[in-house]
Structure formats: structure tokens, C-alpha cells
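Asker: what follows is a protein structure lacking sequence information:
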């Protein structure tokens, strides 16, 4: 990517993530209290993801599932997954569980816009060409996130959800991300953010 765009993008990320964290501080306190009252366990969910240049980082989310959910099933959630808590269903519906990723953006692990970061298990399925998406910082949102906003519903209707994800959904997402790499710009990033907010609302 062009150096000017990269610098401008990082500046945008720092300023708006800091502004977002300060603005949403009361919301954070409310959500933390709700999660605590709803189920036992920590309020934050931490998971290893593969970031820029294949470096592992810890992604932050508000916890929407029971403690040790990953030990009870697959790393993808399907439909009305019983591991999801009551508060978690609403947090997921409006993407509120993603808010702590503003910290990841501020720390430089992520950007507002970029390919969604995967767990190492699924990155092992990437082809050499697809590995190119790891040349930039992963993002909170991208075109693939907008297209597959109902991903859980798609997976719940499949006989083999994980097979569908690995063989169909994930490759399509990666194709969209590779296209993004070819024409990324701050204008397009803003368009993706606006479309994401519109989709959520």
C-alpha cells in the first residue's frame, strides 16, 4: 500500500479509537455491569488471532458466551448456539461485543477497516495467494463483514457448518479482502464504516 495512505490510515485509527473510547466510556460501564449480572466469568473475552505479517495478537471482545465455551464446541458459532448467554445475544446482534477492539486499534494490532482476523486454526487453510491478506493490519469491519452479517444463520442451516465455512464462506471473504488490497483508500474505508453502521442500525 502507498506510504501516504498507510500513515493517514494509522493517524485516523489512533484519533478515532481514542475519541471512541472516551465517548463510549459510560456505555462500557453499563455493558460490563450487565455481563457480570447475567453470567459468571470475566467481562472480556480474549483470543489469539493472526494479525499483520502473521504475528499473533490478543483480540478483545465483551464476553458473549459461557466461560470455556471453546472447550465445549467449535471455534465458530452457529445459529442459536446454546453457549451464548442472554446478554450475549443482544451484544452480538448489534455488534456491541466488538467495542473493546477499539483498544486493539489504538494499540496498533488492528485498524478500523481491514480483513477480519482469523484464529490460527483457520489460517492454516489459507492458500499462498490468500496469505496476502495478512500483509496489512486486520480490521474491525470490511466488505465481507457486511455481506456476511447473517453468517450465523447461514451456518445454522447447513448440515456441516464448519465445512461450509472453510470451503465456501471463508474463501469468498478472502477474495473480497484481496480485492480490497488492490484498491484500498481512505475514501473507501469511510464508505465501509458508513455501510457497516447502516447495516447494524
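Answerer: Yes, it's here. Just so it is clear, the structure is predicted and the values come from calculations on it, not from any experiment. Numbering: from 1, shown residues only.

Asker: host element of residue 15?
Answerer: helix 3-23 (DSSP states H and E).

Asker: helices of the protein, start to end?
Answerer: Assignment of helices within the chain using DSSP state H yields the ranges 3-23, 25-38, 86-93, 101-107, 120-123, 143-147, 151-156, 161-164, 170-183, 186-200.

Asker: what residues sit buried inside the fifth one?
Answerer: Along helix 120-123, these residues count as buried under the neighbour rule (16 or more other C-beta atoms under 10 Å): residue 123. To be clear about C-beta, it is placed using only N, CA and C from the backbone, and glycine gets the same treatment.

Asker: ok, and what's touching it?
Answerer: The contact list for helix 120-123 (C-beta atoms under 8 Å, 6 or more residues apart in numbering) reads 48-50, 54, 56, 75, 134, 165-166, 170.

Asker: from residue 174, how far out is residue 60?
Answerer: 24 Å (C-beta to C-beta, to the nearest Å).

Asker: and residue 54, what does it touch?
Answerer: 123, 131, 134.

Asker: and it, how far from residue 65?
Answerer: Counting by C-beta to C-beta, the gap from residue 54 to residue 65 is 27 Å.

Asker: how about residue 187?
Answerer: Noted for residue 187: a distance of 37 Å to residue 65, by C-beta to C-beta.

Asker: which one of the two has more residues nearby?
Answerer: Neighbours were counted for residue 187 and for residue 65 using other C-beta atoms under 10 Å; residue 65 has more, 22 against 8.

Asker: so how far is residue 21 from residue 106?
Answerer: On the measure of C-beta to C-beta, residue 106 and residue 21 end up 7 Å apart.

Asker: which pLDDT value belongs to the closest residue to residue 137 other than its chain neighbours?
Answerer: The shortest distance from residue 137 to any non-neighbouring residue, by C-beta to C-beta, 6 or more residues apart in numbering, is to residue 111 (4.3 Å). As predicted, residue 111 sits at a pLDDT of 98.

Asker: contacts only, for residue 111.
Answerer: Contacts of residue 111 by C-beta under 8 Å, 6+ apart are 9-10, 13, 105, 136-140.

Asker: run the last query once more with 6 Å
Answerer: 13, 137, 139 (C-beta atoms under 6 Å, 6 or more residues apart in numbering).

Asker: quick one: neighbours of residue 20, just the number.
Answerer: Residue 20 has 15 neighbouring residues, counting by other C-beta under 10 Å.

Asker: where does this protein have low pLDDT?
Answerer: Counting by pLDDT under 70, the chain contains low-confidence residues at 1, 70-80.

Asker: and residue 175, how close does it get to residue 133?
Answerer: Residue 175 is 10 Å from residue 133, by C-beta to C-beta.

Asker: neighbour count for those two, which is higher?
Answerer: Taking neighbours as other C-beta under 10 Å, residue 175 and residue 133 compare with residue 133 leading, 26 against 14.

Asker: which residue is the nearest non-sequential neighbour of residue 40?
Answerer: residue 67 (6.6 Å).

Asker: for the one you found, phi and psi?
Answerer: phi -60, psi 140 (degrees, to the nearest 10).

Asker: alright, that wraps it up for me.
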